[in-house]
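**Student:** Got a predicted structure plus its sequence, pasted below:
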Amino acid sequence: MPAFFDLHRLLAFLKEGFRLSVWLLLLALIFVPLERLSGLRPQKFFRKALAQDIGYYFLTGLAPGLLLTFPLSLAALGAHAIVPYRMQAFVASWPLWQRVLAGFVVGEIGFYWGHRWTHEIPFLWRFHSIHHSAEHVYFLISSRAHPIDSVFTRLCGLIPAYILGVASPLTPTGSLVPVLIVLVATVWGFFIHSNLRWRLGPIEWLIATPAFHHWHHTLGEPRDRNYASMLPWMDRIFGTYYLPNQWPSSYGTETEVPHSLGRQLLYPLLPPSEVSLTAPDATELVYRG
Ligand SMILES: [Zn+2]
Ligand SMILES: [Zn+2]
């Protein structure tokens, strides 16, 4: 048997694929009827781009888990070595709810800046522009991201939680905090991308909503607003908040992004001249309302 064939790994991979399929089914059962009943814009669910969005869903579900283990272990070890033991022991003594709450707040600060850097630093924007290339925003767009983009912003969100010690290995529930942060942020990500016309009144001040994040995807002005994933007051603090009563008229980016999934994954890593942006292939991205 070749050394690279590992039955346990293959089974674990298949199990993860099955778990993601069940989640996708659940998400579809929740959001497809809701978007039909309370949709902001009429959209066909079954369209050409759906195959690509589902491809990204599985890629975003599988890749960060594989790519994050090593940098997160390094971050945990680094934080353990740098942060004074008394500080770590103090934070570790907090009850779980307090560590989860603190984890959400520091995680959101990290995510906010990680996300903002993906807009402001041209090399990072090459990866993040794929998320913004969607011309129709609906729940599955949440997972439409280059794996390196997903890993970068997740790391930016999780590293502060390790540094503060809320994800400390000193407590038996330490590893539960980052898992909870990622789980809640992922579920919320599907909601804020959904094609729902709901406005939530004063709640919009406290927590990110579809209207808040739809403005992050606007093709018109103002751009580069609303970076937070869950706590919109981060944008108020850092001066990038924008939430009027109306909705954006169109979504997308002026940055040219290749049409096919394969080219989208490759092009951020190559010099611009190396990749054809427009040559169509089987997974061509065409959005038709
Ligand atoms: Zn963005
Ligand atoms: Zn988005």
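**Tutor:** Structure's in. What do you need? Treat the numbers as computed from the prediction; the structure is a model and nothing was measured. Ligands and ions are numbered 1, 2, ... in the order given.
**Student:** Which stretches in the stretch 1-150 of the chain count as strands?
**Tutor:** Assigned by DSSP state E, counting those that start in this stretch, the stretch 1-150 of the chain shows no strands.
**Student:** what stretches of it score poorly on pLDDT?
**Tutor:** For the stretch 1-150 of the chain, the stretches with pLDDT under 70 are 1-5, 65.
**Student:** any chance you could map the helices in it?
**Tutor:** For the stretch 1-150 of the chain, the helices defined by DSSP state H, counting those that start in this stretch cover 7-37, 49-82, 85-92, 96-120, 122-132, 147-164.
**Student:** can I have the last one written out in PDB, keeping just the CAs?
**Tutor:** The one in question is helix 147-164. C-alpha atoms of helix 147-164 as PDB (Å, rounded to 0.1, in the frame of the first residue of the first chain):
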ATOM      1  CA  PRO A 147      -9.000  29.600   1.600                       C
ATOM      2  CA  ILE A 148      -6.000  31.900   2.300                       C
ATOM      3  CA  ASP A 149      -8.500  34.800   2.800                       C
ATOM      4  CA  SER A 150     -10.600  32.600   5.300                       C
ATOM      5  CA  VAL A 151      -7.500  31.400   7.100                       C
ATOM      6  CA  PHE A 152      -6.000  34.900   7.400                       C
ATOM      7  CA  THR A 153      -9.200  36.600   8.800                       C
ATOM      8  CA  ARG A 154      -9.900  33.700  11.200                       C
ATOM      9  CA  LEU A 155      -6.300  33.800  12.500                       C
ATOM     10  CA  CYS A 156      -6.600  37.600  13.000                       C
ATOM     11  CA  GLY A 157      -9.800  36.900  15.000                       C
ATOM     12  CA  LEU A 158      -8.500  34.000  17.100                       C
ATOM     13  CA  ILE A 159      -4.900  35.100  17.900                       C
ATOM     14  CA  PRO A 160      -6.100  37.900  20.300                       C
ATOM     15  CA  ALA A 161      -8.200  35.300  22.100                       C
ATOM     16  CA  TYR A 162      -5.100  33.200  22.700                       C
ATOM     17  CA  ILE A 163      -3.100  36.300  23.700                       C
ATOM     18  CA  LEU A 164      -5.700  37.400  26.200                       C
END
